[in-house]
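Visitor: Here's my sequence, what's the structure:
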Amino acid sequence: MAAVFLRNGTPFVKAFPSKSILRKRQQTFLCSSSTGQQQQVLNLLTIDKQELEHHVVSWGHSKYRAKQVWTWIHNQGVTSPEDMRNLPRNLRSDLQRYTKAGSLQMATELVSKDGTRKRAYRLFDGQLIESVLMPYEDGRYTACISSQAGCAMGCVFCATGQMGFARQLQPEEIYEQVARFASELALEKKRLSNVVFMGMGEPLANYRNVAKAVHRITNDLGIGARKITISTVGVVPSIRKLTHSGDFPQVRLAVSLHCASDQERTALLPANGRYGGLDELMMALKDYVETTNRRLTLEWALIEGQNDDLETAQKLGSLVKRFGIRRDMVHVNVIPLNPTGGYGGSPSSRKSVNAFCECLEKDFGIACTPRVRRGIDIDAGCGQLKSKVQREEERQKREELGDDNKLELVDFMQPPSPTLDLDEDKNNGEIKINDNSPSTDVQYIDLDLDDYDDPEFTSSEELLEAERLIQLVQQGSPSPSMKHSQSNIPNTEQSGLTTKTTSIVDPQAIQNSKRRRKKLLRNLKQIQNLRDKQDDQGWELNEEQLIKLSKEEEWKAELESLEHNLK
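Guide: Okay, the predicted model is just below:
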C-alpha cells in the first residue's frame, strides 16, 4: 500500500505497510540452530537482579553466578562476558549467546574541553535522544537524561521544544541512559552521584514510566532519591499527583519558570496557559512545599534584555511572596541562555546575572545561584546535538542523491520507520512490531475507517482542530492550534519570538495518538458500565471483564499522558 503526501506543495507517493506496528518494549531475538526456537536476547544493562537470576539458573548454572555477573556490570563496569574472569567458560559462552550490553545505539558522542560528555542515542525505532554526563571539580558526576523522544511543551528557546513530540520513552530506555554512565564510571573507579531529568522531553508528561525508572535507579544503582531531580515546565496535575501519591519519595522537584507574569511566560512557554497559568502553578508548588517539606528549585534561563533586569527579579521575588511560599524552601537557579538556531535570544552578561541574584537574596531573602553553562563548545543544550545529527544525515543523504529533487523517489523506495499500533484488544494485549517490508502494490490512500468514516464534530473547536491537522500534513509544518489562537497569548512575531505551538508535529504520531486516546476513552467507559452493573444489578463478572477492570488505573495514567502531549 502507498499514500499520497504533499511536500512543499508537490504531491509525492510513499509506500508503507497497511498495518505497520511498533513494539512497546524493545526486544531482540536470535534463533537456536538446534531447536529452531527463538531465544530472547537479554539486555545486561537493564535486566533486574531477579530476572537475571532466573535466566542464569535456567541455563543450568548456580544462582550465585547471577550475583557475580551483576557485580561485574554495575560495580566493576565490565560488560563484556569474556572479561568476567571468575565465571566458568560455559557461562561466559551463554552470556555471549543470549545477552547484549545495552540497546541504545550511540549515534555520536562529543567531549567538551570542560569534560562534559554529550551523546546522541538512536533507539530501536530510529528515534534520537540525548544524554549528558557532567563532571565537577569536587568529584561529583551528574547524568542529565531524556524522558521523551521530542517534547510537546513547545518552549520557544529550547531546541527540543522546536522539534515537537515523537513518543514516550519506556522505563528501560530511561534507566539505561543512567546505567550506561554508571557502569562506565565504575570502570574508571568513579561513581555517578546525581541524576537530573533535564534532557529531552517533559518528565511529568511521562509520569508512569519516569516513576518506574526512578525506582530502579534508586534500588538497582544505589543512587539516593535526594540525588535525583525531576525538572518540569509546570504540569500542574502531575505536580499535585507527585505531591500526594508517594510515587517519587524524596526526589527533588525543579520548575522551569523563566518568567514572572502570565503574558511573558505563555509567550516563552506555551504550556503555561495549558495548565492554568502561574496562579495554578504557584498554588501547586506551595502545596508541594508544605506537604513534602522539601526544598523547591526554580529554574530561570536568563535572556538578555527580556528577563534579566532588576525589575524582573523583583517580580519573581514578589510572586513567591504573594503566594506565601516559605522563602527558605525556595532556591533559584539562574543560567544564561544556551542559544539555539530556532530562537534569536542571547545569554545575559555576567554583570546582569550577578545583579539578578543579588536582588533576590538581599531584597527577598531567596537563595539564588548562578549555574555555569557546561558543554557550550559541544552543543550540550537540550536537543541541540540531535538537530546537528539530523542535519548531517540529511546532508549526506542529499550528497548521495546528487539532486535534492530525487529525495521523494528515495522516500518512496525506502521502508518507513515502524509506527505504533496500540490496540490492545486486537493484539491480545501485546504491542508488536511490523517487519517494515513495503508492499509492491501501490494504491492511493487507504484510510482507517475508524478514524475517517463520516467524522462528526461536536463543536467548532473540533472542526478547527481537524482543519489544522489537515494543514499540518499538507504544509509539513504546524499552524497555531485553535486553543492558543483564542487565548491571550501575545503575538510572538511582534515580540521577536518564533515557536511551533503544536504539541505533536509528526502527522503519523498525531493519528496514532488520537486513535489510542479514542480507544482508551471507550475502554474506560466500558469499565464504568461494568462497575455500574456490578453495583446496581449484582452482576458477577467473568475473567475477561475482571482483567479489564484491573487495567483501569493503567489506562487512566496512559490517557493522562496522552492528553499532556496532544493538547
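Visitor: got the residue ranges for the helices in the stretch 51-200 of the chain?
Guide: Per DSSP state H, counting those that start in this stretch, the stretch 51-200 of the chain carries helices over the ranges 64-74, 89-98, 171-187.
Visitor: got it, and the stretch 201-350 of the chain?
Guide: 207-221, 236-245, 262-268, 271-274, 277-292, 310-322, 350-364.
Visitor: would you list the helices of the stretch 51-200 of the chain in CSV and tack on distance to M198?
Guide: Yep, even glycine has a C-beta here, placed from its N, CA and C like the rest. What follows is those, written out as CSV (distance: least, C-beta to C-beta, whole Å):
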stretch, distance to M198
helix 64-74, 24
helix 89-98, 35
helix 171-187, 12
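Visitor: re earlier: quick one, which of the helices of the stretch 201-350 of the chain is packed in tightest?
Guide: helix 271-274 (a mean of 24; mean count of other C-beta atoms under 10 Å).
Visitor: Counting by contacts, list what that helix packs against.
Guide: The helices and strands touching helix 271-274, judged by 3 or more C-beta pairs under 8 Å, 6 or more residues apart in numbering; DSSP states H and E, are helix 262-268.
Visitor: Check which helices and strands the helix it packs on sits against.
Guide: Counting by 3+ C-beta pairs under 8 Å, 6+ apart, helix 262-268 packs on helix 271-274, helix 277-292.
Visitor: Residue ranges in this protein under the pLDDT threshold?
Guide: 1-40, 338-345, 373-394, 397-398, 402-506, 566-567 (pLDDT under 70).
Visitor: for the longest helix seen in it, packing partners?
Guide: Longest helix in the chain, counting residues (DSSP state H): helix 507-536. Helix 507-536 is packed against strand 165-168, helix 449-452, helix 460-475, helix 543-550, helix 552-566, with contacts defined by 3+ C-beta pairs under 8 Å, 6+ apart.
Visitor: Identify each buried residue in that helix, please.
Guide: Buried positions in helix 507-536, judged by neighbour count with 16 or more other C-beta atoms under 10 Å: 507-517, 519-520, 523-524, 527, 530.
Visitor: same question, stretch 86-100
Guide: Within stretch 86-100, judged by 16+ other C-beta under 10 Å, the buried ones are L87, L91, R92, D94, L95, Y98, T99.
Visitor: isn't the second one right up against R65?
Guide: Yes. Taking C-beta atoms under 8 Å as the definition, L91 is a contact partner of R65 at 5.8 Å.
Visitor: what's the overlap in contacts for these two?
Guide: Common contacts of L91 and R65 (C-beta atoms under 8 Å, 6 or more residues apart in numbering): V56.
Visitor: List the contacts of the closest residue to R322 other than its chain neighbours.
Guide: Leaving aside its chain neighbours, R322 sits nearest to M282 (7.9 Å; criterion: C-beta to C-beta, 6 or more residues apart in numbering). Residues counted as contacts of M282 (C-beta under 8 Å, 6+ apart) are L319, V320, R322, F323, I325.
Visitor: where's M84 relative to L95, distance?
Guide: Per C-beta to C-beta, to the nearest Å, M84 is found 8 Å from L95.
Visitor: Quick check: neighbours shared by those two?
Guide: In contact with both M84 and L95: V69, using C-beta under 8 Å, 6+ apart.
Visitor: Check what contacts stretch 170-187 and list those residues.
Guide: Contacts for stretch 170-187 (C-beta under 8 Å, 6+ apart): 24-26, 43, 45-46, 73-79, 102-104, 121, 123, 129, 131, 133, 141, 143, 145-147, 191-192, 195, 199, 209-210, 212-213, 216-217, 220-221, 223.
Visitor: Tell me the buried residues within the residues you listed.
Guide: 24, 26, 43, 45-46, 73-74, 77-79, 102-104, 121, 123, 129, 131, 133, 141, 143, 145-147, 192, 195, 199, 209-210, 212-213, 216-217, 220-221, 223.
Visitor: so Y207 touches E560, yeah?
Guide: Yes. Counting by C-beta under 8 Å, E560 is a contact partner of Y207 at 7.2 Å.
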